[in-house]
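Engineer: How does the following fold in three dimensions:
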Amino acid sequence: MPYPQDHKQQTRNRIVRSAASLFNRRGFAEVTIGEIMTAAGLTHGGFYRHFTSKEELYAEAVRHFLQKEAPASWQKKHLQGTASATSFRQVRG
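Structural biologist: Okay, here's the model as predicted:
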């Protein structure tokens with residue numbers, strides 16, 4: 001039976017969530033790829049199907065954290081009717 005179409009993305013998300021949790025608790029240097037993959041319920045070898053390095057995973061984990069914690073208005077890809085510099089100056093006084 002073939003994997004669902006979004007299987008690879010779901011697996012990548014599991015790795016990112018596990019990494020974010022471990023990095024948050026112990027820091028980048030203290031966490032191994034093996035620990036991340038074990039926490040995600042995956043094998044160490046599968047890591048390289050999703051990431052080229054631990055640093056790449058760390059960057060993705062930070063983005064995941066920031067997007068998760070940021071207010072929804074900060075996450076918009078394109079602001080419709082964006083505030084102009086004039087309105088910014090008015091707010092600042």
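
Engineer: From now on I want contacts and neighbour counts done on CA atoms only, so please keep to that.
Structural biologist: Noted.

Engineer: which ones are touching F47?
Structural biologist: Contacts for F47 (C-alpha atoms under 8 Å, 6 or more residues apart in numbering) come out as I33, M37.

Engineer: Please enumerate the helices of the protein.
Structural biologist: Taking DSSP state H, the helices of the chain run over residues 7-26, 33-39, 54-69, 85-92.

Engineer: so can I have a markdown table of the ones you listed showing distance to G45?
Structural biologist: Below are the helices of the chain laid out as a markdown table (distance: least, C-alpha to C-alpha, whole Å):
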| stretch | distance to G45 |
| --- | --- |
| helix 7-26 | 13 |
| helix 33-39 | 9 |
| helix 54-69 | 13 |
| helix 85-92 | 50 |
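
Engineer: can you put those helices in TSV and add mean pLDDT?
Structural biologist: Output for the helices of the chain, formatted as TSV (pLDDT from 0 to 100):
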stretch	mean pLDDT
helix 7-26	93
helix 33-39	97
helix 54-69	87
helix 85-92	46
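
Engineer: how near is R17 to Q67?
Structural biologist: As judged by C-alpha to C-alpha, to the nearest Å, R17 and Q67 stand 12 Å apart.

Engineer: Please apply the same query to F51.
Structural biologist: Distance from F51 to Q67, by C-alpha to C-alpha: 20 Å.

Engineer: How about Y48?
Structural biologist: Y48 sits 24 Å away from Q67, going by C-alpha to C-alpha.

Engineer: Setting the sequence-adjacent residues aside, check what's closest to F28.
Structural biologist: Y58 (7.5 Å; C-alpha to C-alpha, 6 or more residues apart in numbering).

Engineer: Surely that neighbour is in contact with S21?
Structural biologist: No - applying C-alpha atoms under 8 Å, one finds Y58 not in contact with S21, separated by 11.0 Å.

Engineer: Much appreciated, bye for now.
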